Each structure stands twice: as structure tokens, then as C-alpha cells.
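> Next input, structure requested:
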Amino acid sequence: MSTAVRDNPVGNRYEIHDGERLAGFSDYRLTDDRRIAFTRTETLPEFRGRGLAGRLVAGQLDDARRRGLAVLPFCPYVRKYIAEHADAYLGLVPAQDRARFGLPHPETA
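Below you'll find the model as predicted:
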């Protein structure tokens, strides 16, 4: 089956689907100043261990970039993913906010 990441703005979350079945989601809050705060990521039990959470987070971060949104990674999984893929995603987190999330500062990144 193929997977797809979709924004569900009514539910304030990104979702990953395996075929037509919901496999996981990542909750977010949009702010008035063009920021998106990711608060929680979850993969449904029957879909765990397949790398879907990583695909979900990559898809939502790519979409945030496309939309010109700054990312606030309150969710520990999103924060860890950004740290592990800093070359691709660290720039989405505003430099002044990186320390509060334990992410590298621009001069050390």
C-alpha cells in the first residue's frame, strides 16, 4: 500500500494514511505570526515499527517550508527528528527559539 501525508486543518493535525486507513497523526496549532507549533505525534499501534512517524514528520515539515511557516517543535518526536535531520530542517525553527528546544544555535549548527 502507498502512504500519504495530508493536512487536516479542521482537526488541526497532519495525518498519514496507509491506503485509505489512518495510520498516525501530528497535532499542531497555527499562530497569527506565521508559526506552526507541533504538540504531539502518534502512530496507531497496528502501524508502528514501519517508519511512518518519520515520513509523517518529514511531510509536515516540508509543507511548513512550502507555506513559509516557522516551526515550534514542542512535540519531542518532531524535535528529535529536526535534530537528526538538521541539514534539512533546522532552518525552519527560528534561531531565537532553538535554545528553548535544545536545538543548535546558528553558529554551532
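
> only C-alpha atoms for contact and neighbour calcs from this point on.
Noted.

> what about Gly24, neighbour count?
Gly24 is flanked by 23 other residues according to other C-alpha atoms under 10 Å.

> That one looks like it's in a strand, true?
Yes - if the criterion is DSSP: H, G, I helix; E, B strand; the rest coil, then Gly24 is within a strand.

> Now do the contacts for it.
Counting by C-alpha atoms under 8 Å, 6 or more residues apart in numbering, Gly24 touches Glu15, Ile16, His17, Thr41, Glu42, Thr43, Leu44, Phe47, Leu52, Ala53, Leu56.

> what's the nearest residue to it if we skip its chain neighbours?
Of all residues not flanking Gly24 in the chain, Thr43 sits nearest, at 4.0 Å (C-alpha to C-alpha, 6 or more residues apart in numbering).

> now the contacts of Gly24 as JSON lines including pLDDT, distance to Pro76 and secondary structure?
Below are those laid out as JSON lines (pLDDT from 0 to 100; distance: C-alpha to C-alpha, whole Å; DSSP: H, G, I helix; E, B strand; the rest coil):
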{"residue": "Glu15", "pLDDT": "98", "distance to Pro76": "17", "secondary structure": "strand"}
{"residue": "Ile16", "pLDDT": "98", "distance to Pro76": "18", "secondary structure": "strand"}
{"residue": "His17", "pLDDT": "98", "distance to Pro76": "22", "secondary structure": "strand"}
{"residue": "Thr41", "pLDDT": "98", "distance to Pro76": "8", "secondary structure": "strand"}
{"residue": "Glu42", "pLDDT": "97", "distance to Pro76": "11", "secondary structure": "strand"}
{"residue": "Thr43", "pLDDT": "97", "distance to Pro76": "14", "secondary structure": "strand"}
{"residue": "Leu44", "pLDDT": "98", "distance to Pro76": "17", "secondary structure": "coil"}
{"residue": "Phe47", "pLDDT": "96", "distance to Pro76": "19", "secondary structure": "helix"}
{"residue": "Leu52", "pLDDT": "97", "distance to Pro76": "16", "secondary structure": "helix"}
{"residue": "Ala53", "pLDDT": "97", "distance to Pro76": "12", "secondary structure": "helix"}
{"residue": "Leu56", "pLDDT": "98", "distance to Pro76": "14", "secondary structure": "helix"}
